[in-house]
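Q: quick one, what's the 3D model for this:
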Amino acid sequence: MTTLERDGGDCAEERRLALLRSYNILDTPPEAQFDRVARLASAILGTPMAAITLVDRDRQWFKAEVGIGRAETPRRDSICAYTMHGDGALVIEDAREDARFCATGLVTGQPLIRFYAGVPIRARDGTPLGALCCIDDRPRTLSERELGLLDDLAQLVTEQLELRHMASEDGLTGVLRRSAFFAAANRDLILARRKDRQMACLMIDVDHFKSVNDHYGHATGDRVLVALTDTIRGCLRKSDVIGRLGGEEFCVLLTDSGESGSLDVARRLLRAVRATTVVAPDGQMVPFSISIGGTEITSVDPDIGAVIARADEALYRAKAEGRDCLRWRGPA
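A: Sure thing, here's the model as predicted:
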């Protein structure tokens, strides 16, 4: 926690970070719709610098930027990390005269921030994600009209983020679609290697799902999938990632988790699913079970596809050896 941030405690911050990661946008390539907003903000306010900033755990990452020339800067120096928790816009006419920010790295060093105007960027539930900001290396003032236009542009960023979020979510279960999951998992794999963190992968498949659909109907099958994803979420941490890869096939990426901890999670998930019952539209109780294949991610795995292939082998064994069980596949 820094003097530039006003986070509501560690739990609130973990929830915020989990929501930010669910947008599957951190470390993604430039996109025209976001670049356009940054250019417009710079042009409208007449500042040499502008950025769409998303505030991660220990950095602020620029989804789009004009005149800054960097992809990210430390969170401890981020004025946007302060802005995003405010009730409205933050305008600083001369940062050297503001006791909150005069000693921070981006004011004392490049890009030598003097003027700053930022508007929070929030998720649809109000969770702060970052800010849209305009920066000048000279002191200046801002008119009400300019501030209103900056706020309008921030709303456009929020709308684009929500459209992206909707496109990445599975409509039935709310977990990531296949392509979004692969993108998020590969990003997290790279970050884990950078910070030397352990990770593991679980492949999960509903046993005899076709029989559930045939006997109870597809509406009940959908209820089973929703109940399963709710159960999975209840067994995981906010930092873990869930994706629906096929009809009844799910994949879970366990962050900061080695073999022992991941096996504990998988066993807990098996027990939780056994205790979960779905009610069909006609009132019948529909018990169901799952099979799980797991593997630990290693530093030599080229991408998440190679990891999933190994976990799939373990899943195949679990189904061949009776279902409703867990099998683990080592990296070798």
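
Q: show me where pLDDT drops low in this protein?
A: The model of the chain has pLDDT under 70 over residues 1-9, 332.

Q: now the helices for it?
A: In the chain, the segments counted as helices under DSSP state H are 9-22, 32-45, 80-83, 105-108, 144-168, 178-194, 209-216, 218-235, 259-274, 304-320.

Q: how far is the third one from where the chain is centred?
A: When you say that, I think you mean helix 80-83. Centre-to-centre, helix 80-83 and its host chain are 19 Å apart (C-alpha atoms, centre = their mean, to the nearest Å).

Q: helices or strands next to that helix in the packing?
A: Using 3 or more C-beta pairs under 8 Å, 6 or more residues apart in numbering; DSSP states H and E as the contact test, the elements touching helix 80-83 are strand 49-55, strand 115-122, strand 128-136. For glycine as for every other residue, the C-beta is placed from the backbone atoms N, C-alpha and C.

Q: of these, which is nearest M199?
A: strand 49-55 (22.2 Å; C-beta to C-beta).

Q: how does this structure divide up, domain by domain?
A: The record assigns the chain these domain ranges, following automatic domain parsing: 9-168, 178-328.

Q: burial measure for the residue lying closest to R114 once chain neighbours are set aside, as a count.
A: For R114, ignoring the flanking residues on the chain, the nearest one in space by C-beta to C-beta, 6 or more residues apart in numbering is P139 at 4.9 Å. Using other C-beta atoms under 10 Å, P139 has 13 other residues around it.

Q: any idea how far S42 is from P139?
A: Taking C-beta to C-beta, to the nearest Å as the criterion, P139 is separated from S42 by 17 Å.

Q: again, but for L225
A: Distance of L225 to S42, given as C-beta to C-beta: 46 Å.

Q: S78 reaches T53, doesn't it?
A: Yes. The pair formed by S78 and T53 meets the contact definition of C-beta atoms under 8 Å, at 7.1 Å.

Q: which residues do those two both contact?
A: When contacts are counted by C-beta atoms under 8 Å, 6 or more residues apart in numbering, S78 and T53 are jointly contacted by Q60.

Q: L263 contacts E296, correct?
A: No. Under the criterion of C-beta under 8 Å, L263 is not in contact with E296, lying 9.7 Å apart.

Q: out of those two, which sits in the more crowded spot?
A: Here L263 and E296 are set side by side on neighbour count (other C-beta under 10 Å), and the busier one is E296, at 23 against 18.

Q: circling back: export the helices and strands packed on helix 80-83 to JSON lines and tack on distance to A185?
A: Conversion of the helices and strands packed on helix 80-83 to JSON lines gives the following (distance: least, C-beta to C-beta, whole Å):
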{"stretch": "strand 49-55", "distance to A185": "19"}
{"stretch": "strand 115-122", "distance to A185": "25"}
{"stretch": "strand 128-136", "distance to A185": "21"}
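
Q: for G148, which of those is the nearest?
A: Closest to G148 of those, according to C-beta to C-beta: strand 115-122, at 10.1 Å.

Q: what angle do helix 32-45 and that closest one make with each other?
A: For the pair strand 115-122 and helix 32-45, the angle between their directions (axes from the mean of the first three to the mean of the last three C-alpha atoms, to 10 degrees) equals 140 degrees.

Q: would you mind naming the residues that bridge with the closest residue to D170 other than its chain neighbours?
A: If you skip the residues right next to it in sequence, D170 has R244 as its closest partner in space, 4.6 Å away by C-beta to C-beta, 6+ apart. Taking DSSP bridges as the rule, R244 bridges to F250.

Q: any idea how many residues pack against R244?
A: The burial count assigned to R244 is 25, neighbours taken as other C-beta under 10 Å.

Q: could you check how far it is from M203?
A: Distance of R244 to M203, computed by C-beta to C-beta: 12 Å.

Q: shared neighbours, those two?
A: Between them, R244 and M203 share these contacting residues under C-beta under 8 Å, 6+ apart: F250.

Q: and for L156, nearest residue in space, chain neighbours not counted?
A: If the residues on either side of it in the chain are set aside, L156 comes closest to V37, at 5.7 Å by C-beta to C-beta, 6+ apart.

Q: who's in contact with the one you found?
A: 52, 64, 132, 153, 156-157, 160.

Q: go with 6 Å
A: V37 makes contact with 153, 156-157, according to C-beta atoms under 6 Å, 6 or more residues apart in numbering.

Q: same question for T276.
A: If you count contacts by C-beta under 6 Å, 6+ apart, then T276 has 227, 231 around it.

Q: what does stretch 238-254 contact?
A: For stretch 238-254, the surrounding residues in contact (C-beta under 6 Å, 6+ apart) are 14-15, 18, 170, 173, 175-176, 178, 181, 184-185, 200-206, 209, 232, 255, 262.

Q: filter those down to the buried ones, ChimeraX style.
A: Here the buried members of the contacts of stretch 238-254 are turned into a ChimeraX selection, burial being counted by 16 or more other C-beta atoms under 10 Å:
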select :170,173,175,176,181,184,185,200,201,202,203,204,205,206,209,232,255,262
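
Q: run a quick neighbour tally on G148.
A: As a burial measure, the neighbour count of G148 was computed by other C-beta under 10 Å and equals 11.
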